[in-house]
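Novice: structure here, sequence nowhere to be found:
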């Protein structure tokens, strides 16, 4: 079981690096392996089957509707800007996009601007 968590965490680190995310720190969140930016967790491995990403509530609802086989919610996450993801189901390209979104959601504006993100006016 710990091997699966480690493998998932290695996958997250690899995809974050491939995406060119800046100032990513390896850490923990509630005892689980996590990646942080500016001290704020943007993704964590909850268990051998589940990744939890940070996400805006509107985007969260959209993903839950769009792909309920990949994204799901438990009572614990209702109303919170976090979304559980089935690690074995999500492909690398989709996960890379979600990592970028989660990083942008948590990164300070100046850092997001260095990454090339321009917020909508």
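Specialist: Sure, I can see it. Quick caveat, the model's predicted, so the values are computed rather than measured.

Novice: so for residue 3, what's the pLDDT?
Specialist: Listed pLDDT for residue 3 reads 74.

Novice: now residue 115
Specialist: Looking at residue 115, the pLDDT reads 82.

Novice: measure it to residue 11 for me?
Specialist: Distance, residue 115 to residue 11, by CB to CB, to the nearest Å: 21 Å. Heads up, the C-betas are built off the backbone N, CA and C, glycines and all.

Novice: cool, residue 62 as well?
Specialist: Separation of residue 62 from residue 11 (CB to CB): 24 Å.

Novice: more neighbours: the two, which one.
Specialist: A count of neighbours by other CB atoms under 10 Å puts residue 11 above the other of residue 62 and residue 11, at 16 against 13.

Novice: can you tell me the element the more buried one falls in?
Specialist: Using DSSP states H and E, residue 11 falls within helix 2-19.

Novice: so how far is whatever helix or strand comes next after that helix off the chain centroid?
Specialist: Next helix or strand after helix 2-19 toward the C-terminus (DSSP H and E): strand 24-29. Chain-centre distance of strand 24-29: 12 Å, with CA atoms, centre = their mean, to the nearest Å.

Novice: could you look up the next helix or strand downstream of strand 24-29?
Specialist: Using DSSP H and E, the next helix or strand after strand 24-29 towards the C-terminus is strand 32-37.

Novice: quick one, that next one and helix 2-19 angle?
Specialist: With axes from the mean of the first three to the mean of the last three CA atoms, to 10 degrees as the basis, strand 32-37 and helix 2-19 are set at 10 degrees to each other.

Novice: partners of the next helix-or-strand element following strand 32-37 in the sheet?
Specialist: Next helix or strand after strand 32-37 toward the C-terminus (DSSP H and E): strand 40-47. Strand 40-47 pairs in its sheet with strand 32-37 (antiparallel), strand 50-54 (antiparallel), by DSSP bridges.
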